[in-house]
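Asker: Structure here, sequence nowhere to be found:
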Ligand SMILES: Nc1ncnc2c1ncn2[C@@H]1O[C@H](COP(=O)(O)OP(=O)(O)OP(=O)(O)O)[C@@H](O)[C@H]1O
C-alpha cells in the first residue's frame with residue numbers, strides 16, 4: 001500500500017478542520033516571509049551601520065527588524081498552537097473511528113488478533129498516520145514556502161552564486177531516496193514488535209496468578225525478553241538509519257557552506273559583493289537547509305506512516321459478521337418483544353472454520369419456559385447463544401424472536417430484548433452502582449437498590465468500604481465469583497429483557513455460592529423465556545425442557561425424568577457427572593427440590 005492510498009483513506013477524517021489546516025499553512029508562509037525580511041534588514045545593517053560605523057543608520061532598520069520579529073513570533077505561536085490542536089483532533093477522530101469499528105467486529109476477530117497488538121495499533125499507528133495527514137501536510141507546506149522564499153531571495157541577491165550552490169541540492173534527494181525503503185521495512189518491524197511487547201505484558205498481567213502458581217515467572221520473562229530483543233534490533237536499526245541520514249546531510253551542508261564562503265571571498269575581493277550581501281546570501285542558503293531537510297524527512301515520515309496505515313486498515317477493512325438490516329426489510333414490531341424464541345433448521349460454521357458447529361438445529365421457547373441446553377464440551381452450546389444474540393448469522397436456517405427473523409430487526413432492538421449472563425461476569429471499571437445500572441438507560445438509585453435486593457446482593461454491597469460507590473475493576477478480587485454473579489443478576493433484573501440466556505451460571509462456584517445465586521436467578525427467570533447453557537445437570541432437573549447437543553446436533557430433548565428413563569447421552573452424562581461437592585448430598589440434586597421455581 002502506498003502513500004496515495006493512505007491519504008485517500010484517511011484524508012476524509014480532516015473534514016471540518018480543513019480551514020484550520022489552511023490557516024496553519026498560511027501562518028507558516030507569513031513566518032517564512034517575516035524571516036526573509038529580517039535577513040534583508042540584517043544585510044542592510046551590516047553594510048550601513050556596522051561596516052561604516054554609523055549609529056544613525058542603525059535605528060530605523062533595527063526598529064523594522066524588531067517589529068518583524070514580534071509579528072513573526074505572534075504568527076508562529078498562533079500557527080503552531082492551532083497546528084497542535086488540529087493534529088490532536090485528527091488523532092481523536094481517527095481513534096474514535098477505529099474503536100467504533102472494532103466494537104462491531106465479531107468475537108473471532110478478537111480471538112485471532114492479540115489484544116496488545118490491537119492496543120498498539122490504536123495508539124502508535126494512529127499517531128504515525130496523524131504525522132502524515134495533518135502534521136505532514138503542514139510541514140510540507142512550511143517547507144515548500146520556506147524553500148520558495150529563501151531560494152527566491154538568494155536568487156534575487158546573486159542568481160549566479162545561487163545556481164552554483166543549488167547545483168548541490170540533488171545530493172540531498174539522492175540521500176533521502178536511498179534510505180526510504182529500508183526505513184519503511186524497519187518501522188513496520190518496530191511497530192509489530194511494539195505490539196508484541198504490549199501483548200506479552202498485558203497477557204502477563206492478566207495471567208499473573210497462573211504464572212505464580214505454576215512458577216512460570218522465568219518463562220514469562222523470557223517471552224518478554226524475546227519480544228524485547230526483536231524490538232531492540234528494529235529500534236536500533238531505525239535509530240541507526242536516521243542518524244546515518246542526519247550525518248550525511250550534515251556533511252552535504254558543510255560542503256555547501258564552504259562553497260559559499262569560497263565564492264564569497266572571491267566576489268568580495270573583486271568588489272562585486274558587499275560583506276552584508278554575502279552574509280545575507282549565506283543566511284538564506286543556511287535557512288534553506290531546514291526546509292529541504294524537512295522535505296527529505298517528510299519522505300521518511302510518509303514511509304513510516306504508510307506502514308502504520310496498513311496495520312490500521314487491517315482493522316478498518318475487517319468486516320463485521322452482521323450488520324443492521326436495510327430499513328426496507330425491517331419488520332415493524334413493538335420495542336419490547338413478548339419473548340418467543342425459535343431456531344429453525346440452523347446450520348452454522350464459524351468464518352474460516354472447517355466443521356459445521358451446528359447442524360440442522362431447531363428448537364423453540366416461550367415466555368415463562370425454562371429450557372436447559374446441555375451436552376459435552378465443544379458441542380456448540382455457547383455458539384447457539386452467539387446466534388441468538390446475532391453475533392453471527394446462520395449459514396442456512398433462521399433464528400426468530402416473536403416469529404420475526406432476527407436479521408430483519410435492528411440489532412439494537414434485538415439485543416435490547418435479550419439479556420446474556422456470560423460465563424465470566426462483565427465488570428466495568430466503575431462503581432458497583434454503575435456496574436448494576438449499566439444494563440439500562442435512566443436508572444435511579446432506588447432502582448439499583450431494588451435490583452440489588454432482588455439479586456441478594458444488598459448485604460455484601462453495604463459491607464463494601466464505600467457501599468454502592470465502591471469502585472470495582474475487571475480482574476480485581478474485591479468481589480468473589482458468587483458476589484460478582486449477583487451483581488450481574490442485579491444488572492439483568494434492571495435490564496428487564498423478556499429473554500434471558502445464562503451461560504454456565506454456576507461455573508466456578510462452590511455449593512454454597514451456587515445455592516446463594518439460585519434464588520435470585522429464579523426471581524430473574526420468572527415470566528421470561530429462559531435458556532440456560534450448562535454442564536451442571538443439577539440445574540437441569542426441573543427445566544421444562546432439556547436439549548442435549550452433541551457435535552452440533554440436537555440428539556435428545558425432553559424433561560429430566562423423560563431423558564433419564566432412556567439410555568441416551570443425557571442419562572450417561574447424568575450418571576457420570578461429578579458427585580455433589582463437599583460430600584453431602586447436593587441440596588438441589590433431589591428431583592423434588594425445585595430450585596428454579
Ligand atoms: N471463533 C471460533 N472460530 C472457529 N471455531 C470456533 C470458534 N469458537 C468456537 N469454535 C468451535 O465451535 C465448537 C463449539 O464451540 P462452543 O463454544 O459453542 O461449544 P460449547 O458446547 O459451548 O463448549 P463448552 O461447554 O466447552 O463451553 C467448538 O469445536 C469450538 O472449537
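Answerer: It's in. Predicted model only: the values in this text are computed from it and were never measured.
Asker: Contact residues of the stretch 301-450 of the chain facing the ligand?
Answerer: Proximity of the stretch 301-450 of the chain to the ligand, by Cβ under 6 Å from any ligand atom, involves residues 350, 353, 357, 377-383. The way it works is simple: take the backbone N, C-alpha and C, and place the C-beta from them, glycine included.
Asker: for the closest residue to residue 99 other than its chain neighbours, what are its contacts?
Answerer: Counting by Cβ to Cβ, 6 or more residues apart in numbering, residue 122 is the residue found nearest to residue 99 once chain neighbours are left out, at 6.7 Å. Residues near residue 122 by Cβ atoms under 8 Å, 6 or more residues apart in numbering: 95, 98-99, 102.
Asker: before we move on, the earlier item: which one of the residues of the stretch 301-450 of the chain next to the ligand is nearest residue 112?
Answerer: Nearest to residue 112 among those, counting by Cβ to Cβ, is residue 350 at 10.6 Å.
Asker: So what's the predicted local confidence for that closest one?
Answerer: pLDDT for residue 350: 92.
Asker: Wasn't it part of a helix?
Answerer: No: according to DSSP: H, G, I helix; E, B strand; the rest coil, residue 350 belongs to no helix; its state is coil.
Asker: what's the burial count for it?
Answerer: Neighbourhood size, residue 350 [other Cβ atoms under 10 Å]: 17.
Asker: Quick check, it in contact with residue 380.
Answerer: No: judged on Cβ atoms under 8 Å, residue 350 makes no contact with residue 380 at a distance of 10.4 Å.
Asker: Common neighbours of those two, please.
Answerer: Residues within reach of residue 350 and of residue 380 at once, by Cβ under 8 Å, 6+ apart, are residue 357.
Asker: Domain boundaries for this structure, per the record?
Answerer: Domain ranges of the chain: 3-316, 341-417+497-576, per automatic domain parsing.
Asker: out of the residues of the stretch 301-450 of the chain next to the ligand, which are buried?
Answerer: If you count burial by 16 or more other Cβ atoms under 10 Å, the buried members of those come out as 350, 357, 379-383.
Asker: for these, which one is nearest residue 140?
Answerer: Nearest to residue 140, judged by Cβ to Cβ, of these is residue 350 at 45.9 Å.
Asker: Need phi/psi at the closest one.
Answerer: Note on residue 350: its backbone torsions stand at phi -60, psi 150 [degrees, to the nearest 10].
Asker: Same check on residue 442?
Answerer: As for residue 442, its main-chain torsions (degrees, to the nearest 10) stand at phi 50, psi 70.
Asker: Could I get the pLDDT score of the residue nearest to residue 99?
Answerer: Reported pLDDT at residue 122 in the predicted model: 89.
Asker: repeat for residue 588
Answerer: 34.
Asker: Same check on residue 2?
Answerer: Reported pLDDT for residue 2: 74.
Asker: For the residue nearest to it when sequence neighbours are not counted, which residues are in contact?
Answerer: Among residues not flanking residue 2 along the chain, residue 306 sits closest, at 6.5 Å (Cβ to Cβ, 6+ apart). By Cβ under 8 Å, 6+ apart, the contact set of residue 306 is 1-3, 6, 132, 184.
Asker: Can you turn the buried part of those residues into a ChimeraX selection?
Answerer: To isolate the buried ones among those in ChimeraX, judged by 16+ other Cβ under 10 Å, type:
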select :6,132,184
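Asker: Closest to the ligand out of the contacts of residue 306?
Answerer: Nearest to the ligand among the contacts of residue 306, counting by Cβ to the nearest ligand atom, is residue 1 at 27.5 Å.
Asker: buried ones in stretch 393-408?
Answerer: Across stretch 393-408, burial judged by 16+ other Cβ under 10 Å covers 393-394, 397-402, 404-408.
Asker: The stretch 451-597 of the chain: helices as residue ranges?
Answerer: Listed in chain order, the helices of the stretch 451-597 of the chain (DSSP state H, counting those that start in this stretch) span 458-462, 481-495, 511-525, 560-565, 569-576.
Asker: Ok, which of those helices comes nearest residue 86?
Answerer: For residue 86, the closest of those is helix 481-495, at 40.8 Å, according to Cβ to Cβ.
Asker: For the closest one, name the packing helices and strands.
Answerer: Helix 481-495 sits against strand 418-421, helix 432-437, helix 445-454, helix 511-525, with contacts defined as 3 or more Cβ pairs under 8 Å, 6 or more residues apart in numbering; DSSP states H and E.
Asker: Dump the ones you listed to TSV, plus mean neighbour count.
Answerer: Output for the helices and strands packed on helix 481-495, formatted as TSV (neighbours: other Cβ atoms under 10 Å):
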stretch	mean neighbour count
strand 418-421	23
helix 432-437	23
helix 445-454	18
helix 511-525	19
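Asker: Would you mind putting those into CSV with mean pLDDT alongside?
Answerer: Below are the helices and strands packed on helix 481-495 laid out as CSV (pLDDT from 0 to 100):
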stretch, mean pLDDT
strand 418-421, 92
helix 432-437, 91
helix 445-454, 92
helix 511-525, 82
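Asker: ok, and the closest non-adjacent residue to residue 377?
Answerer: Take residue 377 and drop its neighbours on the chain: the residue closest to it by Cβ to Cβ, 6+ apart is residue 535, 7.6 Å away.
Asker: pLDDT of the strand or helix carrying residue 152, averaged?
Answerer: Using DSSP states H and E, residue 152 sits in helix 135-157. The pLDDT scores in helix 135-157 average 88.
Asker: can you pull the buried residues of that helix?
Answerer: Of all the residues in helix 135-157, those buried under the rule 16+ other Cβ under 10 Å are 135-147, 149-151, 153-154, 157.
Asker: and if you look at stretch 558-565?
Answerer: Neighbour count says stretch 558-565 has 558-560, 563-564 buried, by 16+ other Cβ under 10 Å.
Asker: cool, stretch 287-294 as well?
Answerer: Quick answer for stretch 287-294 (16+ other Cβ under 10 Å): 287-289, 291-294.
Asker: do the same with stretch 98-108
Answerer: 98, 101-102, 105-106, 108.
Asker: restrict those residues to those near the ligand?
Answerer: Restricting the buried residues of stretch 98-108 to those near the ligand by Cβ under 6 Å from any ligand atom leaves residue 108.
Asker: so where's the protein shaky on pLDDT?
Answerer: Along the chain, the model assigns pLDDT under 70 to residues 1, 475-477, 577-597.
Asker: ok, for residue 106, nearest residue in space, not its chain neighbours?
Answerer: With Cβ to Cβ, 6+ apart as the criterion, residue 106 has its nearest non-adjacent residue at 3.6 Å, and that residue is residue 321.
Asker: residue contacts, residue 340?
Answerer: 364-367, 400-403, 529 are the contacts of residue 340 under Cβ under 8 Å, 6+ apart.
Asker: Taking helix 135-157 as reference, get the angle to the lengthiest helix in the chain.
Answerer: Taking DSSP state H as the criterion, the chain has its longest helix at helix 217-269. Angle, helix 217-269 to helix 135-157, by axes from the mean of the first three to the mean of the last three Cα atoms, to 10 degrees: 10 degrees.
Asker: Perfect, that will be all.
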